[in-house]
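Undergrad: here is a sequence together with a model predicted from it:
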Amino acid sequence: MHLVASERIKLFSIATPWVCGLFALVALAFPAALTALTATESRLPPTVASTQFGYQLALVAVLVLGALAVTSEYHSGTIHGTFQAVPGRTPVLLAKAALVAGYAFGIGEAAAFAAWLVARVLASDADLALDSAADWTIVAGTGPVFALAAVCGVGVGLLARHTAGAVAVLVAYPLMAENVVQLIPRAGEAIHRWLPLNAATKFLSGTGEANAGRDGGNAAVLSDSPLPPAWALAYFGAFAALLLAAGITRARRQDA
């Protein structure tokens with residue numbers, strides 16, 4: 001527990017977690033407010049899924065948070081003292097990943113429920129009650145997804161070590177790379193079905209029950225992952241664990 005406490009002090013002594021947390025909150029709440037206010041013009045009634053329309057931008061903030069928790073230490077040089085205090089390196093890196101994941105879980109739950117609440121207040125006539133498993137999953141499930149995404153960010157940070165490179169990868173991948181893969185002739189769609197963030201989307205959105213059965217519209221496009229939602233989350237978790245393991249392996253084998 002003392003490792004987690006020391007990592008907590010280091011993490012929250014910089015502005016990164018507060019800025020990323022605020023960005024994630026705004027990224028989810030602002031689009032939710034817009035979809036609620038423009039429902040009449042768009043002729044698409046708000047749904048529980050539409051309240052989470054800003055999920056992807058918020059996810060980017062969480063990925064970047066995980067990476068910066070690592071690269072900021074490499075940049076400042078404090079990682080040397082950390083590794084001198086814990087020569088095995090693995091325990092302290094696991095503590096860092098656990099702390100960032102826990103914080104990301106809190107961000108995800110707070111931002112997702114805040115977005116839902118904003119939409120419910122602004123569109124009081126819409127049916128936005130959480131009265132099904134799909135409704136609860138797409139809102140409350142944001143926390144677990146963000147926690148695993150933060151672990152992915154830590155893994156990428158350990159592999160890249162440099163802030164610019166890690167941030168570039170973690171911004172470009174969710175916003176562009178997985179969609180571009182679909183353009184690969186013949187194999188693109190088959191590859192896309194098994195990409196990690198596509199699996200996370202499958203867990204959250206399922207088959208569209210929380211969006212009145214619609215695919216897209218004022219909510220995210222549904223995932224084409226062949227996995228059931230629960231297995232899709234497990235798949236994303238396995239990917240996060242592998243990425244973290246790769247990062248820890250590099251940190252153990254190379255000098256800081």
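TA: That came through, no problem. Residues are numbered from 1 along each chain as shown.

Undergrad: mind listing what's buried along the host helix or strand of residue 239?
TA: For residue 239, the element it lies in under DSSP states H and E is helix 229-253. Residues of helix 229-253 classed as buried: 229, 232-233, 235-237, 239-240, 243-244, 247-248, 251 (neighbour count, 16 or more other CB atoms under 10 Å). Just so you know, the C-beta spots here come from the backbone N, C-alpha and C atoms, and that holds for glycine as well.

Undergrad: give me the contacts around it.
TA: 70, 89-90, 93-94, 97, 137, 141, 144-145, 148-149, 151-152, 154-159, 196-197, 199-200, 202-204, 206, 223, 225, 227 (CB atoms under 8 Å, 6 or more residues apart in numbering).

Undergrad: which ChimeraX command selects the buried ones in these?
TA: Remark: buried members of these, expressed as a ChimeraX selection using 16+ other CB under 10 Å:
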select :70,89,93,94,97,137,141,144,145,148,149,151,152,154,155,156,157,158,159,196,197,199,200,202,203,204,206,223,225,227
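
Undergrad: the contacts of helix 229-253 in helices, which ones?
TA: Taking DSSP state H, the ones among those that sit in helices are 70, 90, 93-94, 97, 137, 144-145, 148-149, 151-152, 154-159, 196-197, 199-200, 202-204.

Undergrad: can you say which helix or strand has residue 221 in it?
TA: Assigned by DSSP H and E, residue 221 belongs to neither a helix nor a strand.

Undergrad: measure the residue nearest to it when sequence neighbours are not counted to residue 73 for me?
TA: Nearest in space to residue 221, with sequence neighbours left out and distances taken as CB to CB, 6 or more residues apart in numbering, is residue 215 at 6.2 Å. Distance of residue 215 to residue 73, computed by CB to CB, to the nearest Å: 42 Å.

Undergrad: do residue 162 as well
TA: To residue 73, residue 162 is 12 Å away according to CB to CB.

Undergrad: these two - which one has more neighbours?
TA: A side-by-side neighbour count of residue 162 and residue 73, using other CB atoms under 10 Å, places residue 73 first with 23 against 13.

Undergrad: give me the element that one is part of.
TA: In this assignment (DSSP H and E), residue 73 forms part of helix 55-76.

Undergrad: and that helix with helix 229-253, angle?
TA: Taking axes from the mean of the first three to the mean of the last three CA atoms, to 10 degrees, one finds that helix 55-76 is oriented at 10 degrees with respect to helix 229-253.

Undergrad: mind exporting helix 55-76 as PDB, just the C-alpha atoms?
TA: The C-alpha coordinates for helix 55-76 follow below in PDB (Å, rounded to 0.1, in the frame of the first residue of the first chain):
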ATOM      1  CA  TYR A  55     -17.400   8.900 -25.100                       C
ATOM      2  CA  GLN A  56     -14.700   8.600 -27.700                       C
ATOM      3  CA  LEU A  57     -13.200  12.100 -26.900                       C
ATOM      4  CA  ALA A  58     -13.300  11.400 -23.200                       C
ATOM      5  CA  LEU A  59     -11.600   8.000 -23.800                       C
ATOM      6  CA  VAL A  60      -8.700   9.900 -25.500                       C
ATOM      7  CA  ALA A  61      -8.200  12.000 -22.400                       C
ATOM      8  CA  VAL A  62      -8.000   8.800 -20.300                       C
ATOM      9  CA  LEU A  63      -5.500   7.200 -22.600                       C
ATOM     10  CA  VAL A  64      -3.400  10.300 -22.500                       C
ATOM     11  CA  LEU A  65      -3.700  10.400 -18.700                       C
ATOM     12  CA  GLY A  66      -2.200   6.900 -18.400                       C
ATOM     13  CA  ALA A  67       0.700   7.700 -20.700                       C
ATOM     14  CA  LEU A  68       1.500  11.000 -19.000                       C
ATOM     15  CA  ALA A  69       1.600   9.400 -15.600                       C
ATOM     16  CA  VAL A  70       4.700   7.500 -16.900                       C
ATOM     17  CA  THR A  71       6.300   9.800 -19.400                       C
ATOM     18  CA  SER A  72       6.200  12.800 -17.100                       C
ATOM     19  CA  GLU A  73       8.500  10.900 -14.700                       C
ATOM     20  CA  TYR A  74      10.900  10.000 -17.500                       C
ATOM     21  CA  HIS A  75      10.900  13.600 -18.600                       C
ATOM     22  CA  SER A  76      11.600  15.000 -15.200                       C
END
